[in-house]
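Participant: When you get a sec, could you give me coordinates for this:
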Amino acid sequence: MFSLIAAIGKNRELGRGGELIFHLKDDMKFFRETTSGHKVVMGRKTWESLPGKLKNRTNIVISRHNIEGADDCVSDITDFIEKNKDTDEEIFIIGGGMVYFEFLKHAKNLYLTEVDASDDSADTFFPAFDKSKYSSEIIKKGSEDDLNYSIIKYTKN
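Facilitator: Residues are numbered from 1 along each chain as shown. So this is what the prediction gives:
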């Protein structure tokens, strides 16, 4: 099963210039704990934005070229989805915007840290989705650096 995980602003903002907009310690901790021991799938730009390989996870990069340091590279996203959509294993999609868009309709769960802020300079966004097609569970609410947020798990009905 595919699960998307991201921190987004009021307008679904994800990033700007290849960097995350929101840097919340609780969100990063939640990300590490939730994805640890799982496969994480990302686009090449997301891979390049990381300080290094994500430990305790199988790092899969979507790219037409071999990516040094990645555990696996996938050149055909449609084929990857088809081969993995019915697995019981939770596979986490971690970005970027286009990768989220491609996987959204196949995802069972969305783990979203919804930040009560917006950023007009954002250039990458999480895809729009119909919340009425999901049940939701608030995992945690908090505040950090004058930003209020909620970590919410959406599960497709």
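Participant: which stretches of the protein have low pLDDT?
Facilitator: Along the chain, no part satisfies pLDDT under 70.
Participant: May I ask you to name the longest helix in it?
Facilitator: Secondary structure of the chain per DSSP state H: the longest helix is helix 25-35.
Participant: for residue 110, what are its contacts?
Facilitator: When contacts are counted by Cβ atoms under 8 Å, 6 or more residues apart in numbering, residue 110 touches 3-5, 129, 134, 153-154. No exception for glycine: its C-beta is placed from N, CA and C like everyone else's.
Participant: Let's verify it: helix, strand, or coil?
Facilitator: Three-state call for residue 110 (DSSP: H, G, I helix; E, B strand; the rest coil): strand.
Participant: Equivalent analysis for the one 3 residues further on, please.
Facilitator: With three-state DSSP as the basis, the three-state label of residue 113 is strand.
Participant: Please list the outside residues in contact with the longest helix of the chain.
Facilitator: 5, 7, 54, 57, 92, 94, 111, 113, 139-140, 142, 144, 149, 151.
Participant: circling back: which members of the contacts of residue 110 are positioned in strands?
Facilitator: 3-5, 134, 153-154 (DSSP state E).
Participant: ok, back up a step: what would the contacts of helix 25-35 look like in CSV with secondary structure and distance to residue 100?
Facilitator: Formatted as CSV, those follow (DSSP: H, G, I helix; E, B strand; the rest coil; distance: Cβ to Cβ, whole Å):
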residue, secondary structure, distance to residue 100
5, strand, 10
7, strand, 12
54, coil, 17
57, coil, 18
92, strand, 11
94, coil, 9
111, strand, 12
113, strand, 14
139, strand, 19
140, strand, 21
142, strand, 23
144, strand, 23
149, strand, 19
151, strand, 17
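Participant: Only whichever of these are buried, select them in ChimeraX.
Facilitator: Buried residues among those (16 or more other Cβ atoms under 10 Å), as a ChimeraX selection:
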select :5,7,54,57,92,94,111,113,149,151
